[in-house]
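no FASTA, just this:
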DNA sequence: CTTCCCCTTCGTACGGTGTATTTGCACCGT
DNA sequence: ACGGTGCAAATACACCGTACGAAGGGGAAG
């Protein structure tokens, strides 16, 4: 009784199919029948059937109802990669907060503990997700030779990954425990470091330069993770929480406590995410240029 | 039975005191007596007594045991400020993860829901904590007139606040919902913006400059929140998780997949937090200097 | 071929979280 | 004295990550 009702219904139907009570081609109970049988709302019954459909157990036959699929794909065996992929999809679609082990397992049609066969704990799952997502960043070989285009490219590659996966930056910088050591992260640092090969910088300073740059990109992403998610959801940020924040902000400004800020902000519309990135990136690279004695 | 054992013991003793079964000056059961009475470990019994001591119900009399305090301070009425202060102390001492409403309430000797009289939900509590902690940042008036020392000062003030309160950056940048609008934050931006008054920068650009700088400081703090906490806990980072990370890192380096990184890292010891801050700060300010046409 | 045992696998359940809802009590107007 | 009435706080709920142990299957031994 601890699961959502539609999952219990789906599980029971799945049982009947595997037990042979319902054979391929046979009609599965209609939504209306399920409503009567389980005493649930239409929406719940429909959700159960569509979940089964997505998992390939049944298919909808127009005009005739829903029938058991011919080749019950019983188990797409669910390896570690498939698990990680499913977790990424879920986090992309509904945010990191929605990614719970139970939720993930339910989506895959298995029990919660089945996931622990492929992964020791949630933290490791997050680590794997981050490794895959960050690994998507494309770093051309050999890539630009001179330092500035090369670092620019590296920063943009990270930024794209963060934009594609709003949960990535929070995991990378802040995953409740210390930031994880990832192959994909090291690859990025390695690739970036080659930008500084020609310069006379000491090794320690080279590291600091890359760390500062990467840290800045990550910081920007994490501090805007919410907005990135919001943009991705709807294309428009139309959120009522944002409106509440704006109201609070204007109240503060009207209070007269922050005259300089008020003066500067009047008539300035919001700075977009990508614009903020481009602006900051230029500042970062300029700072490095000064260090290198160019300007 | 849902509370920790030592809390149940403390609650029972508190009941006996308020009920008059134990009078001021009278001896309260010793830890050994509590062990017999409740069938718990010595540590648990001692914890119960010390919790009562901290709340002012009892005091330890050397050589004679623990006695009921003369003036039972029954209720320090617990206003909103006291609640926020207690939350800050708890988070400082044990980290953000340890800050649960139940834990906080237990420390104050009240029930969990009693907190909701002063605060609508946990999120608002976090917001209040952040506002207080960030408000501690000292910004002298009038402060430096020229832009570079002024921005440097602002950045350092933030950094100090983050170092003092490791949980601050995670709340500010990443508090599960969008970053909060705080009076203390606006004050900081306002103070910083005055650094750019003389420059010919457009208002929009001024904002971007400050946002980039502040975002960088926050990003550095959030990505090192774990280490800041660890340093604060013991002075030494001696953590076994860190050792595991180091082992993983050296395995990656030995694998030969990251030749440039390996070459750069050999013989370079860890970069300290404050050193990373100082290095990055110089880069940030250099970048702004270029924007301003100085170099 | 049977039997036993071990090892994999996963359902149940525990101890925790934030907070909605209900409960019981103190207070106040009649 | 008594019957609302409002509110502080205990109880209850829905959810989390995962420890634990039962159940099942597969391989070795007889």
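Everything's here; your move. Keep in mind it's a predicted model, so treat the numbers as computed, not measured.

so where is chain A shaky, pLDDT-wise?
A:1-8, A:11, A:15, A:17-21, A:23, A:54-56, A:70-77, A:175-177, A:233-240, A:295 (pLDDT under 70).

those helices in it, which residues are they?
Residue ranges of the helices in chain A, as given by DSSP state H, are A:5-18, A:31-38, A:42-54, A:80-94, A:101-108, A:122-135, A:147-164, A:168-174, A:183-193, A:203-223, A:225-234, A:240-254, A:259-265, A:273-291.

leaving out sequence neighbours, find the closest residue to residue A:185.
residue A:134 (6.1 Å; Cβ to Cβ, 6 or more residues apart in numbering or on different chains). The C-beta positions use only the backbone N, C-alpha and C, and glycine is treated the same way.

what's the neighbour count on the residue of the stretch 151-295 of chain A found nearest chain B?
Nearest residue of the stretch 151-295 of chain A to chain B: residue A:219, at 1.5 Å (Cβ to the nearest Cβ). Residues contacting residue A:219 under the criterion other Cβ atoms under 10 Å in any protein chain shown number 26.

which ones are touching the closest residue in space to residue A:85 that isn't next to it in sequence?
Spatial nearest neighbour of residue A:85, excluding adjacent residues (Cβ to Cβ, 6+ apart): residue A:132 at 7.8 Å. Residue A:132 makes contact with A:84, A:85, A:88, A:184, according to Cβ atoms under 8 Å, 6 or more residues apart in numbering or on different chains.

wait, the residue of the stretch 151-295 of chain A closest to chain B touches residue B:212, no?
No. Between residue A:219 and residue B:212 there is no contact under Cβ atoms under 8 Å: 9.9 Å.

how far away is residue A:183 from DNA strand C?
25 Å (Cβ to the nearest atom of the strand, to the nearest Å).

before we move on, what about residue A:144?
From residue A:144 to DNA strand C the distance is 47 Å (Cβ to the nearest atom of the strand).

next up, the contacts around that residue.
By Cβ under 8 Å, 6+ apart, the contact list for residue A:144 reads A:150, A:153, A:195.

so which of these comes closest to residue A:10?
residue A:153 (46.6 Å; Cβ to Cβ).

so that closest one makes contact with residue A:143?
Yes. The pair residue A:153 / residue A:143 is scored as a contact, 6.6 Å apart, by Cβ under 8 Å.

so which of these two has more stuff around it?
Set residue A:153 next to residue A:143 and count neighbours by other Cβ under 10 Å: residue A:153 wins out with 19 against 13.

residue contacts, that one?
A:139, A:140, A:143, A:144 are the contacts of residue A:153 under Cβ under 8 Å, 6+ apart.

mind checking how far it is from residue A:209?
Distance, residue A:153 to residue A:209, using Cβ to Cβ, to the nearest Å: 15 Å.

swap in residue A:146?
According to Cβ to Cβ, residue A:146 and residue A:209 sit 15 Å apart.

cool, and residue A:86?
38 Å.

how about residue A:92?
32 Å.

comparing the two, which residue is more hemmed in?
Taking neighbours as other Cβ under 10 Å, residue A:92 and residue A:209 compare with residue A:209 leading, 26 against 19.

my read: the more buried one touches residue A:288, true?
Yes. The criterion here is Cβ under 8 Å, and residue A:209 meets it with residue A:288 at 5.9 Å.

so what's in contact with the two at the same time?
Residues touching both residue A:209 and residue A:288 (Cβ under 8 Å, 6+ apart): residue B:283.

dump the contacts of residue A:153 to JSON lines, plus distance to residue B:44.
Formatted as JSON lines, those follow (distance: Cβ to Cβ, whole Å):
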{"residue": "A:139", "distance to residue B:44": "56"}
{"residue": "A:140", "distance to residue B:44": "61"}
{"residue": "A:143", "distance to residue B:44": "61"}
{"residue": "A:144", "distance to residue B:44": "64"}
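
starting at the chain centroid, how far to stretch A:31-43?
34 Å (Cα atoms, centre = their mean, to the nearest Å).

return the set of buried residues in it.
Using 16 or more other Cβ atoms under 10 Å in any protein chain shown as the test for burial, stretch A:31-43 gives A:31, A:34, A:35, A:38, A:40.

show me the contacts for the residue of chain A found nearest DNA strand C.
Nearest to DNA strand C, among the residues of chain A, is residue A:111, at 1.7 Å (Cβ to the nearest atom of the strand). Going by Cβ under 8 Å, 6+ apart, residue A:111 touches residue A:105.

same question for residue A:168.
So residue A:168 contacts A:130, A:133, A:134, A:161, A:162, A:221 (Cβ under 8 Å, 6+ apart).

again, but for residue A:279
A:271, B:205, B:208, B:212.

can you tell me which residues in the stretch 1-150 of chain A are near DNA strand C?
A:2, A:110, A:111, A:112, A:113, A:114, A:116, A:117 (Cβ under 7 Å from any atom of the strand).

mind doing that once more with 6 Å?
Residues of the stretch 1-150 of chain A lying close to DNA strand C by Cβ under 6 Å from any atom of the strand are A:111, A:112, A:113, A:114, A:117.
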